[in-house]
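K.L.:
predicted coordinates and the sequence they were generated for:
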Amino acid sequence: MAQAKEEHVAKLLRQGLELYGTGEIPRAFMLWNEALELDPGNEEALDYIRDADRRSLPRADRGDAPSASIVWDARRLVQGENEEAALELLVSAPNSVTLECESMVELLRAKIFRKYKNALGDLDKIPRVKEDAADLEGRNLPPSAGFLLSMVDGLTSLSDLVTVSGMDRFEALRSLHRMSEAGILELGT
Amino acid sequence: MSRVIGIDLGTTNSCVSVVENGQSTVIPNSGGYKTTPSMFGISQDGRRLVGHLAKRQAITNARNTAFAAKRLIGRRFDDPEVQKTIELSPYEIVRGPNDDPRIKIGGKTFTCPEIAGIVLREMKRVAEEYLSETVHEAVITVPAYFNDTQRQCTKDAGKIAGLEVLRIINEPTAAALSYGMNREGDEKIAVYDLGGGTFDISILEMSEGVIEVLATSGNTFLGGEDFDRRIVQHLIKWFEETEGMDLRGDTMALQRLKDASEKAKCDLSMRDVVEINLPFIASDSEGPRHLNYELTRESLENLVHDVVEGTLKSVEQCCVDAGIQAQDIDQVVLVGGQTRMPLVQKRVAEYFGKRPHKGVNPDEVVGLGAAVQAAALLDSDNDMLLLDVTPLSLGIGTYGGHFARLIERNTTVPVSKGHIFTTTRDNQSAVKIRVLQGESDMAAESDLLGEFVLSGIRPAPKGEPEIEVSFDIDANGIVSVSARDLATGKEQSITVSSTGTLSDTEIDEIIQAHDIYEVELKG
Ligand SMILES: Nc1ncnc2c1ncn2[C@@H]1O[C@H](COP(=O)(O)OP(=O)(O)OP(=O)(O)O)[C@@H](O)[C@H]1O
Ligand SMILES: [Mg+2]
């Protein structure tokens, strides 16, 4: 492992510990998970996470088997660069309420959000419905996408759409990103 | 010299105009819209939204979107109109320290002049963008029935927006002005104004440039939105019958239904049939559902027929109040966006037995008239095009709970009048002057505009001291009252603005707060 990376991982682990000490547990988990991503299988990180999870969680379901294996699967998906699938898996799993799960969900959302933002580019861009997206109704879109589409008027920017929709920012951006990927929306200025 | 703009500050929409090259024109905003929703909201992520953006979240974020503040402005919290608004509003209305209703959105409490001020500031900005110069002065319109406090609050709103309000004029008067009705002979004019949220009917009498409001009537809870609601309900029912799904609890669907219904309604003023397409309005295990419906003008007319007939009942009442018959009316003027609907035009024409004046854009005529008045104010030869009159009688409360009228309603303004009053007890050293407005003989049934005490009256048997009370109403309809003890020359006075409205300090504080929170001023 390159030295810079090693140092970065060490730093993440240390910062995580500091946060843990001050009671900011979910954020501590985020950093440790980030460290795990950089260095999969890092014993120290795994140890912290396992330990902290056990100690800080007064819930009945802590450390139960399904949850642990889901996290494992999710992490594998992340390694395969399939973050969206990992997120889907985590949020749809029953009993996925361990802190480890929660923090991984947060981390993934932050990462994926950044990905959407990068893919969409400048959020001041103005989306329009593509002319050749005529057979729109044949597609399988959720009502929230229909709602966003109804506000696309060639004047309102992506960031205004997100604001005015009142939707969760992550959900709104995901929906817009998917529609632009699917060739329903085009982005202009 | 910078220009003076005219602003129609509506319940639902506002409109700004200016006179250019002798021609009054409406100023469009950057999105091309000529009217701007009088709405202010705070989004989930804390952004301040004005106008069209605020309207977009009006249903999905209803608790944090203020609209129709005009129904509340200048009223007491206990006013039945305020209570009814509270009942019907999704946002929170709380009692303010001056016993005024205040609007609570996004965790913050706003006074009504403040909300109106935010809308006015947006109109000012639209005008400045268009004119490429800063604007400092404006003429603003209000309903003919607005009392002194409501007018004063509207002026305060202007101040909050950074505008000096040169004149407050009545909406029907402005409408008459924009139709160039100021130079004609003696006539009786009916102004039928059906806007988004309110219906006003006014009967005016014009003679030699003086315009008198003979009577006003209407319904502050009836307007174009009732038409939209009828369509929404119809679509929900139809969707339920054909798809077996209930959209009533789904705010996203409701927002779309409302927007689409209003659009369909407007399109049906030009066409006989429209398609309403709402793809992906709902979904279930079988996949997405679309709402595709064809609405004809005829079916719309059936849906709203009774609403239109309801307005004619108010028209009838107004004629009775004015002491005239429908056929005595010389001119009928249509105002308000909803009068673009052919059914409305037809029924009004039938009622009066004559074709109404209608501009292309009835929702713009009030603003246009305000600009005509604004331009006239700059022209020293033509200081006043039309003289307005006091909408309600003014006077003071006297012994025994009576209301002594000093200025009768429909007196041309500006005006000043005085009357001598005296004491009711021996050696009475002070009198309390309670300024009232209204048409009842009982003080308790009249609006209290303000009160003050004149003290230091020389001891004397009751009935002996002479206290002169004089009323002054300026061209804006703003009232000041003074009381003078003729024996001592001692005087006390007020500009009636103190009850339920904001003090100058409060206004300054609001202005400063808004400088910090520069409002989102987009589309
Ligand atoms: N072409 C049209 N056909 C039918 N209705 C229309 C048309 N254009 C606008 N409207 C309706 O007019 C109403 C708005 O009218 P306007 O802008 O005059 O309101 P306003 O003056 O703010 O309202 P208020 O009188 O309540 O203060 C809305 O309900 C709108 O849907
Ligand atoms: Mg109006």
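P.N.:
Structure received. Ligands and ions are numbered 1, 2, ... in the order given.
K.L.:
what sits up against stretch A:4-24?
P.N.:
Contact with stretch A:4-24 is made by A:1, A:25, A:27-32, A:34-35, A:38-39, A:42, A:44-45, A:48, A:52, as judged by Cβ atoms under 8 Å, 6 or more residues apart in numbering or on different chains. (Each C-beta comes from the backbone N, C-alpha and C, glycine too.)
K.L.:
again with stretch B:269-287
P.N.:
So stretch B:269-287 is contacted by A:136-137, A:140-143, A:145-147, A:149-150, B:235, B:239, B:243, B:245, B:247, B:250, B:253, B:256-257, B:260-261, B:264, B:267-268, B:288-298, B:340-342 (Cβ under 8 Å, 6+ apart).
K.L.:
for it, buried residues please.
P.N.:
Going by neighbour count (16 or more other Cβ atoms under 10 Å in any protein chain shown), the buried part of stretch B:269-287 is B:Ser269, B:Val274, B:Ile276, B:Leu278, B:Pro279, B:Phe280, B:Ile281, B:Ala282, B:Ser283.
K.L.:
can you check the pLDDT for the fourth one?
P.N.:
B:Leu278 is assigned a predicted lDDT (pLDDT) of 95.
K.L.:
so does the helix or strand harbouring it get close to ligand 1?
P.N.:
Assigned by DSSP states H and E, B:Leu278 falls within strand B:273-284. No - Strand B:273-284 stays out of contact with ligand 1 when judged by Cβ under 6 Å from any ligand atom, the minimum separation being 11.5 Å.
K.L.:
tell me which strands that strand pairs with, and in which orientation.
P.N.:
Here strand B:273-284 is paired, per DSSP bridges, with strand B:287-296 (antiparallel).
K.L.:
mind saving the C-alpha coords of the strand it pairs with as CSV?
P.N.:
C-alpha atoms of strand B:287-296 as CSV (Å, rounded to 0.1, in the frame of the first residue of the first chain):
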residue,chain,number,x,y,z
GLY,B,287,-46.8,-0.2,-12.3
PRO,B,288,-47.3,3.5,-13.0
ARG,B,289,-50.7,5.1,-13.7
HIS,B,290,-51.4,8.1,-15.8
LEU,B,291,-54.3,10.5,-15.7
ASN,B,292,-55.4,11.5,-19.1
TYR,B,293,-58.7,13.4,-19.3
GLU,B,294,-60.4,15.5,-21.8
LEU,B,295,-62.3,18.5,-20.4
THR,B,296,-64.7,20.5,-22.4
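K.L.:
could you point out the helix or strand that follows it?
P.N.:
helix B:297-322.
K.L.:
near ligand 1, anything from that next one?
P.N.:
No - under the criterion of Cβ under 6 Å from any ligand atom, helix B:297-322 makes no contact with ligand 1; the nearest approach is 9.6 Å.
K.L.:
so the most centrally placed residue in chain A, which state does it fall into?
P.N.:
Geometric centre of chain A, nearest residue: A:Arg109, 1.7 Å, by Cα atoms, centre = their mean. When classified by DSSP: H, G, I helix; E, B strand; the rest coil, A:Arg109 comes out as helix.
K.L.:
and it, how far is that from A:Ser159?
P.N.:
18 Å (Cβ to Cβ, to the nearest Å).
K.L.:
same deal with B:Thr60?
P.N.:
Distance from B:Thr60 to A:Ser159, by Cβ to Cβ: 17 Å.
K.L.:
ok so, going back, out of the contacts of stretch A:4-24, list just those in helices.
P.N.:
Cross-referencing these against helices under DSSP state H gives A:25, A:27-32, A:34-35, A:38, A:44-45, A:48, A:52.
K.L.:
kindly indicate which of the buried residues of stretch B:269-287 lies nearest ligand 1.
P.N.:
Closest approach between the buried residues of stretch B:269-287 and ligand 1, by Cβ to the nearest ligand atom: B:Ser269, at 3.5 Å.
K.L.:
and the closest one, its phi and psi?
P.N.:
When read as degrees, to the nearest 10, the backbone of B:Ser269 gives phi -70, psi -20.
K.L.:
is chain A contacted by stretch B:31-51?
P.N.:
Yes - using Cβ under 8 Å from any Cβ of the partner chain, stretch B:31-51 comes into contact with chain A via B:Gly31, B:Ser43, B:Gln44, B:Asp45, B:Arg47, B:Leu49.
K.L.:
what about the chain, any weak spots by pLDDT?
P.N.:
Chain wasn't specified; assuming chain A. A:1, A:21-23, A:51-68, A:94-97, A:132-134 (pLDDT under 70).
K.L.:
oops, chain B please
P.N.:
Across chain B, the ranges flagged by pLDDT under 70 are B:1, B:182-184, B:359-360, B:380-389, B:391, B:477, B:496-502, B:514-523.
K.L.:
quick one on the thing from earlier: are any of the contacts of stretch A:4-24 buried, and which?
P.N.:
If we count by 16+ other Cβ under 10 Å, these have these buried: A:25, A:27-32, A:34-35, A:39, A:42, A:45, A:48, A:52.
K.L.:
which residues does the closest residue to chain B within chain A contact?
P.N.:
Nearest residue of chain A to chain B, counting by Cβ to the nearest Cβ: A:Gly146, 2.8 Å away. Going by Cβ under 8 Å, 6+ apart, A:Gly146 touches B:Arg256, B:Leu278, B:Pro279, B:Phe280, B:Ile281, B:Pro288.
K.L.:
now swap in B:Glu464 and tell me
P.N.:
B:Glu464 makes contact with B:Thr422, B:Thr423 under the criterion Cβ under 8 Å, 6+ apart.
K.L.:
what does B:Gly336 give?
P.N.:
B:Gly336 neighbours (Cβ under 8 Å, 6+ apart): B:Asp193, B:Leu194, B:Gly195, B:Gly196, B:Phe199, B:Gly223, B:Gly224, B:Pro362, B:Asp363.
K.L.:
try it again with 6 Å
P.N.:
B:Gly336 makes contacts with B:Asp193, B:Leu194, B:Gly195, B:Pro362, as judged by Cβ atoms under 6 Å, 6 or more residues apart in numbering or on different chains.
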